[in-house]
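> here is my input, please return the structure:
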Amino acid sequence: MNVDVVVIGAGQAGLSAAFHLRRLGFRPFDDFVVLDSNASPGGAWQHRWNSLTMADVHGIANLPELPVPEAAAAERANDFVPHYFADYEQRFELPVIRPVTVDAVHDGDRLDVVTSDGTWNARAIINATGTWTRPFVPRYPGADTFRGRQLHTADYRGAHEFAGQHVVVVGGGASAVQLLAEISEVATTTWVTRRPPIWRDDDFTPEVGRAIVAMVDERVRAGLPPRSVVSVTGLHLREQERAAAERGAYERHPMFSRVTPDGVTWDDGREQRADAILWATGFRAALAHLAPLRLRGPAGGITMDGTRVVHDPRIQLVGYGPSASTIGANRAGRAAAVEIRNLLRDKDSNLVGGLPRTA
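Down below sits the predicted model:
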């Protein structure tokens, strides 16, 4: 199966890229396809916990030319956002094929995209696989001896599962703060982070946002592994979390030294019994399928120029590094589509995606 472009992933970034490819003249199914590993629309949003409502999310960016409809505060995010994405796919007739898992991408005259549904041969790839499928749990001594439950944010389904228990929550990001607020209503909690949290009480202005994105961009241009955008924004205490603060849920403890069968312990001899350990320790970019291309440099990251992989300009990464936020993903989708259009136009002086160069 030959196409000009394969978009991998149908979340915010992938749909944005697909929209702009079509806008630039690439024909759906003939010139480009979108491969999605999920069985239904919605990207990572469909997998989030039921208690996450639209009042809790930090905002959903508009996809190109279709504003996010108004949502009731109590609507579940894992229902509302997938419906929005599904409507978007249908309205703009985007060529999404699902469920298709991409196993590997191999180099050659063209790029061989090996999937659960056969191999696609492409001239270029826009990778928009995000991070949800790669939850990160650090290794700690004794973790395999713990007799309670260990889970990651990706496995969280609701605070009701911990009623009457003691839960150690590990992690200093927004998810940890939000889940502590929920769990501390029905259980006792201990909050543990590697570094003291940085709380923000100023307005998150566009200027602040641009400065933060620039910091992440500087890392990926240097070939360093990206830090998430959220990790450098600091933490805001929202109104719905103030009651948790009054309960003492945000009293932070340094990282424990080891996990014991019944809880955790610190070097100074302190111990905390626990029924569960929740690792709110973030995610890593889901890029294992690109490993055969050997894109990573000596510093462990992929050197980027915007959305373009410097080592191989046929590969565009969206939703990676500075475009990991929903707003950044939208902009990256357009940038990647334009980069691909220009790359293929330069390689073929007459045609691009089966259309004249002026398309």
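> for the closest residue to Val96 other than its chain neighbours, list each beta-bridge partner.
Leaving out its chain neighbours, the residue that sits closest to Val96 by CB to CB, 6 or more residues apart in numbering is Val34, at 4.5 Å. (C-beta placed from N, C-alpha, C; glycine too.) Taking DSSP bridges as the rule, Val34 bridges to Val7, Val96.
> for Val114, same thing?
For Val114, the beta-bridge partners under DSSP bridges are Ala104, Thr119.
> give me the number of residues near it?
Other residues lying near Val114 total 15 when counted by other CB atoms under 10 Å.
> and whatever helix or strand Trp191 lives in, how far out from the chain middle?
Secondary structure from DSSP states H and E places Trp191 in strand 188-193. Offset of strand 188-193 from its chain centre (CA atoms, centre = their mean, to the nearest Å): 25 Å.
> strand partners (parallel or antiparallel) of it?
strand 166-170 (parallel), strand 252-254 (parallel).
> other residues contacting that strand?
The contact list for strand 188-193 (CB atoms under 8 Å, 6 or more residues apart in numbering) reads 165-172, 176, 180, 183, 249-256, 264, 272, 274.
> may I see the buried residues of it?
Thr188, Thr189, Thr190, Trp191, Val192, Thr193 (16 or more other CB atoms under 10 Å).
> give me the neighbour count for the closest residue to the second one other than its chain neighbours.
What sits nearest to Thr189 in space, not counting adjacent residues and going by CB to CB, 6+ apart, is Val167, at 5.2 Å. Around Val167 sit 25 other residues, with neighbours defined as other CB under 10 Å.
> is it true that Val167 touches Ile277?
Yes - Val167 is in contact with Ile277 according to CB atoms under 8 Å; the separation is 7.5 Å.
> the residue nearest to Thr189: what's it in contact with?
Ile183, Ala187, Thr188, Thr189, Thr190, Ala274, Asp275, Ala276, Ile277, Leu278.
> can you name every helix or strand that the strand or helix carrying Val177 contacts?
According to DSSP H and E, Val177 maps onto helix 174-183. Applying 3 or more CB pairs under 8 Å, 6 or more residues apart in numbering; DSSP states H and E, one finds that helix 174-183 makes contact with strand 166-170, strand 188-193, helix 242-246.
> from Asp36, how far out is the residue lying closest to Trp132 once chain neighbours are set aside?
The shortest distance from Trp132 to any non-neighbouring residue, by CB to CB, 6+ apart, is to Ala44 (3.6 Å). Using CB to CB, to the nearest Å, Ala44 is found at 11 Å from Asp36.
> what about these two, which has more around it?
Neighbours per residue, other CB under 10 Å: of Ala44 and Asp36, the larger number sits with Asp36, 27 against 20.
> and the residue nearest to that one when sequence neighbours are not counted, how close does it get to Ala128?
Nearest non-adjacent residue to Asp36, counting by CB to CB, 6+ apart: Ala10, 3.7 Å away. Counting by CB to CB, the gap from Ala10 to Ala128 is 8 Å.
> flag the shaky bits of the stretch 201-350 of the chain, pLDDT-wise.
Applying pLDDT under 70 to the stretch 201-350 of the chain picks out residues 201-222, 224-234, 322-328, 349-350.
> now do the helices in this structure.
Secondary structure of the chain, counting by DSSP state H: helices at 12-23, 77-91, 174-183, 206-221, 242-246, 326-347.
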